[in-house]
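Trainee: Sequence first, predicted model second:
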Amino acid sequence: MSHSLQGKTAIVTGSSRDIGRAIAEGLAADGAAVVVNYVGNAKAADDVVAAIVSKGGKAIAIRADISNVSDIRRLFDEAESQFGDLNIVVANVGVAVIKPLVEASEADFDLVFGTNARGTFFTLQEAARRVRDGGRIIAVSTGGTKMFFTQTALYLGSKGAVEQFVRVLSRELGPRGVTVNALSPGFTDTDLLPERDRAVAAGMSPFGRIGAPRDVADVAVFLASDEARWLTGENIQAGGGVA
C-alpha cells in the first residue's frame with residue numbers, strides 16, 4: 001500500500017465486478033476504507049471485500065439498488081455508520097440496452113435512464129451533502145459520448161446527462177474544496193463490450209488492445225488523491241488513445 005489515502009473513506013457504487021471492483025481495490029490498496037456496493041450478487045461483493053482484506057485493506061459490502069433513491073440514502077447512512085465521515089464517492093453503476101432508437105421501449109428507457117441518469121443524479125446529490133470538505137466525487141461516464149455509434153442512444157444519452165451533472169456540481173462544491181470529475185473509459189474488458197467487437201476496438205487504440213479494468217481504476221485512484229486537487233469539472237478520457 002502507498003497509504004496516500006490512509007484515513008479516507010470511500011463508497012464505490014456497482015463495485016462487485018469489472019471497473020467498479022478494480023476501483024474499489026485500487027482505493028483500498030492506497031489506504032482508503034471502502035464500501036463495496038452491489039445489488040444482486042452478494043457473493044461477488046463478498047469476494048471483493050475478501051480480496052481487499054487479504055491484502056491488509058479495509059472494506060465492507062452493502063447492498064443497495066442505485067435506481068431507488070431510498071436505497072441510495074440508506075447506503076450512505078450505513079457507510080457513515082460503519083466508517084464515519086465520507087471523503088470519496090465514485091458513482092460507477094451503469095446499465096446498457098443496445099438497440100436502434102426506433103425499437104427502444106418505454107421500459108428500456110426507464111431502465112437505462114432510471115439507473116444511469118436518475119440513479120447517478122441522486123448518488124451525486126447525496127455525495128454533495130455528505131462528503132467532507134476537500135473530498136472527491138467521481139462519476140463514471142463513457143468515451144462513447146465523444147463518438148458516433150448506432151444503437152446506443154439510450155446508453156450515451158444517459159451518460160451525457162451524467163457529464164452535465166458533473167460540470168454543474170463542480171461549480172457548486174468548489175468553495176468547499178471538493179472536486180467533481182467525470183471519468184470516461186474507452187473500450188474495456190467488461191461485460192458491456194461484446195466479444196464480436198473486441199478485435200475492432202483493439203485496433204482503434206494506438207496500443208493495439210482494449211483496456212483492462214485496472215487501466216481505468218488507476219486513473220480513478222489518481223482523481224481521488226490529493227495530487228488531483230486542481231482538477232474539477234473535467235471529463236477525463238481513459239480510453240487508450242481511442243478518439
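Mentor: Nice, I can see it. Residues are numbered from 1 along each chain as shown.

Trainee: So which helix or strand of the chain has the lowest pLDDT on average?
Mentor: Lowest on mean pLDDT, DSSP states H and E among the helices and strands of the chain sits helix 198-203, with a mean of 92.

Trainee: buried ones in that one?
Mentor: By 16 or more other Cβ atoms under 10 Å, the buried positions in helix 198-203 come out as 201, 202. Just so you know, the C-beta spots here come from the backbone N, C-alpha and C atoms, and that holds for glycine as well.

Trainee: Would you check the distance separating it from the middle of the chain?
Mentor: 23 Å (Cα atoms, centre = their mean, to the nearest Å).

Trainee: Then stretch 228-242?
Mentor: On Cα atoms, centre = their mean, the centre of stretch 228-242 falls 13 Å from the chain's centre.

Trainee: Which positions in that stretch come out as buried?
Mentor: Buried, per 16+ other Cβ under 10 Å, within stretch 228-242: 228, 232, 233, 234, 235, 236, 237, 238, 239, 240, 242.

Trainee: Filter those down to the ones in strands?
Mentor: Among the buried residues of stretch 228-242, DSSP state E puts 235, 236, 237, 238 in strands.

Trainee: which one of these sits closest to residue 193?
Mentor: Of all those, residue 193 sits closest to residue 238, with 14.3 Å by Cβ to Cβ.

Trainee: Is that closest one in contact with residue 214, as I believe?
Mentor: No. Counting by Cβ atoms under 8 Å, residue 238 does not reach residue 214; the two are 10.9 Å apart.

Trainee: where exactly do the strands run in this protein?
Mentor: Counting by DSSP E, the strands of the chain are 9-12, 33-38, 58-63, 86-91, 131-140, 179-185, 235-238.

Trainee: which outside residues touch the last one?
Mentor: With Cβ atoms under 8 Å, 6 or more residues apart in numbering as the contact definition, strand 235-238 has outside contacts at 141, 143, 146, 163, 166, 181-186, 211, 215-216, 219, 223.

Trainee: Restrict that strand to CA atoms and write it as PDB.
Mentor: This file holds the C-alpha atoms of strand 235-238, laid out as PDB (Å, rounded to 0.1, in the frame of the first residue of the first chain):
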ATOM      1  CA  ASN A 235     -14.200  14.700 -18.200                       C
ATOM      2  CA  ILE A 236     -11.100  12.600 -18.100                       C
ATOM      3  CA  GLN A 237     -10.800  10.200 -21.000                       C
ATOM      4  CA  ALA A 238      -9.300   6.800 -20.100                       C
END
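
Trainee: Now the lengthiest helix in the chain: buried residues?
Mentor: Longest helix in the chain, counting residues (DSSP state H): helix 153-173. Within helix 153-173, the residues scored as buried using 16+ other Cβ under 10 Å are 153-159, 161-163, 165-166, 169-170, 173.

Trainee: out of the residues you listed, who's nearest residue 130?
Mentor: Of the buried residues of helix 153-173, the one sitting nearest to residue 130 (Cβ to Cβ) turns out to be residue 173, at 11.7 Å.

Trainee: ok now do the residue most central in space within the chain, which residues does it touch?
Mentor: Nearest to the geometric centre of the chain sits residue 92, at 2.2 Å (Cα atoms, centre = their mean). Neighbouring residues of residue 92 by Cβ under 8 Å, 6+ apart: 12, 13, 14, 15, 19, 20, 23, 140.

Trainee: Quick one, which of the residues you listed are buried?
Mentor: Looks like these have 12, 13, 14, 15, 19, 20, 23, 140 buried, using 16+ other Cβ under 10 Å.
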